[in-house]
Every structure is written in C-alpha cells, then in structure tokens.
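Colleague: Output the structure for:
(2 chains)
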Amino acid sequence: GESVGLHLPTLSVQEGDNSIINCAYSNSASDYFIWYKQESGKGPQFIIDIRSNMDKRQGQRVTVLLNKTVKHLSLQIAATQPGDSAVYFCAEYNNNDMRFGAGTRLTVKP
Amino acid sequence: ETGVTQSPTHLIKTRGQQVTLRCSSQSGHNTVSWYQQALGQGPQFIFQYYREEENGRGNFPPRFSGLQFPNYSSELNVNALELDDSALYLCASNVQGTGSPLHFGNGTRLTVT
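Modeller: Predicted coordinates for the structure are as follows:
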C-alpha cells in the first residue's frame, strides 16, 4: 500500500544552523501536506501546511517545499534553536484521511 | 480558545479488559479523529467521527469502536485488550470540509499488562 516515509530517522545540527528534514510520499492523489512537531510527552503540534497547488510556503523561521514530480516534501528550519529539538512528522491528507510517516528526531547541539 | 483535551493521561489495564478513553474537541471543531502511536513510530489512523457517525476508518479491528456526542466530544473504546494495544492514543479535531489541519491533544498513555 502507499505510505508516507522519511529519508532520515535522526538529524543532529548545531544551534544557529539551518535544518532540513525530508519526507517522501507515494500517494499521488494526496492534495494536502502538513508538518507536525512532537515534543516528549505531548501530542503533535501543527507547524506549517501546504496544498498540492503550491510548491513553497513560508512561516516564521520555517519553510515547506513540495516537489510533486518526485513526490518529495521538505521542512526547512532557519537558525535552529534548542527549543526546536523534537520529533518531526510529515503527514499527507487525502479524502478526510491523514497518514503520518515514522518521524525524524531533530537534536540541536549547543 | 480551548484546545483538545483528553482523559485520563495515563492508564494501566490487564489483558482482556475493556477501556474507554475520552476527548473534548477544540471549540468550534465538529470532527474528531483518533490515532494510535506506538513508541518510536508515527501516529496510525484509527477512525474519524463527524455528525456522531464514523466517517472513515483505518486498519483496526472491530474491537476498537467509538462514539461522538452532540457537543462533538468523543470516546474511544477498546475491548478484549491485548498487550500490543499498549500505546499513546491521540485525539485530534478539526472542522469538516474546510481542509483545516488536525489539532491534537496530548494523548492517553495506555499500558496493557
């Protein structure tokens, strides 16, 4: 079956550097994509979303890029801070059904 | 604005027992979705409720059932608990038909012994 997946399970960056978290999806019918951040002991927290008619969307310190040709999604975090340490999930949304990947653990080193 | 709240936060049950988890949706939201998150994995879709009816279901057996109430709150019931049911159960809400993101509660940690 089709599923959402991530290229790397862990990512370690220096404080102040930029972070890039990648995600591959396989359901070409998905039309809405979301990035969530999950800290220990908490539920997933919405970061940013993008619809399939866009290829880039920017928020505060975060940018999501969507490449529909290769079915790839990425989350860029500028000037990564210790508070950004968490597990990041991409999710694809199709027909009222949201599916998550396994997640990438981001660790920010001081 | 009140966010999604879940109760209890932690629960320990014995194999074979039944459990009920509760969720209050975010104010203004009319759709509730339930997810199971095993340790180190992403959330897995269980089902969604809208207008007090199941509106989509993932690959979970019938012993996982739910309810939605007129105030949009919801329950997840699991019968005949198995050890593999140990997980974090997440509730999320949004507004049906608006293409809005799910807003999650902090979950109920269920341990089955």
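Colleague: Pull the contacting residues for A:Q45.
Modeller: Each residue near A:Q45 by CB atoms under 8 Å, 6 or more residues apart in numbering or on different chains is listed here: A:36-39, B:104. In short, each C-beta sits where N, CA and C put it, glycine included.
Colleague: low pLDDT regions in the chain?
Modeller: Defaulting to chain A. A:1-8 (pLDDT under 70).
Colleague: wrong chain, I was asking about chain B
Modeller: B:1.
Colleague: Enumerate the residues of it near chain A.
Modeller: Residues of chain B found near chain A (CB under 8 Å from any CB of the partner chain) are B:4, B:33, B:35, B:40-45, B:48, B:55-56, B:58, B:90, B:92, B:96, B:99, B:101-107.
Colleague: which among those residues end up buried?
Modeller: The neighbour-count test (16 or more other CB atoms under 10 Å in any protein chain shown) marks B:4, B:33, B:35, B:42-45, B:48, B:55-56, B:58, B:90, B:92, B:101-107 as buried among these.
Colleague: Tell me the residues of chain A that contact chain B?
Modeller: So far as CB under 8 Å from any CB goes, chain A lies against chain B at A:4, A:32, A:34, A:36, A:41-46, A:49, A:51, A:89, A:93, A:95-103.
Colleague: Going through those, which ones are buried?
Modeller: Buried among these (16+ other CB under 10 Å): A:4, A:32, A:34, A:36, A:43-44, A:46, A:49, A:89, A:93, A:97-101, A:103.
Colleague: Give me the subset of the residues you listed that lies in strands.
Modeller: Among these, the members found in strands (DSSP state E) are A:4, A:32, A:34, A:36, A:46, A:49, A:89, A:93, A:97-100.
Colleague: List just the nearest of those to B:S74.
Modeller: Of all those, A:M98 has the smallest distance to B:S74: 16.1 Å, by CB to CB.
Colleague: On the strand side of things, show who the closest one bridges to.
Modeller: With DSSP bridges applied, A:M98 shows beta-bridge pairing to A:Y93.
Colleague: can you pull the contacts of it?
Modeller: A:34, A:91-92, B:33, B:45, B:102.
Colleague: Distance to A:C23 for these - can I get that in TSV?
Modeller: Shown next, in TSV, are those (distance: CB to CB, whole Å):
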residue	distance to A:C23
A:I34	11
A:A91	9
A:E92	9
B:S33	20
B:F45	17
B:L102	17
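Colleague: Show me where chain B has its strands.
Modeller: Under DSSP E, chain B gives strands at B:5-7, B:10-13, B:19-24, B:31-37, B:44-50, B:53-57, B:64-68, B:74-78, B:87-94, B:103-104, B:108-112.
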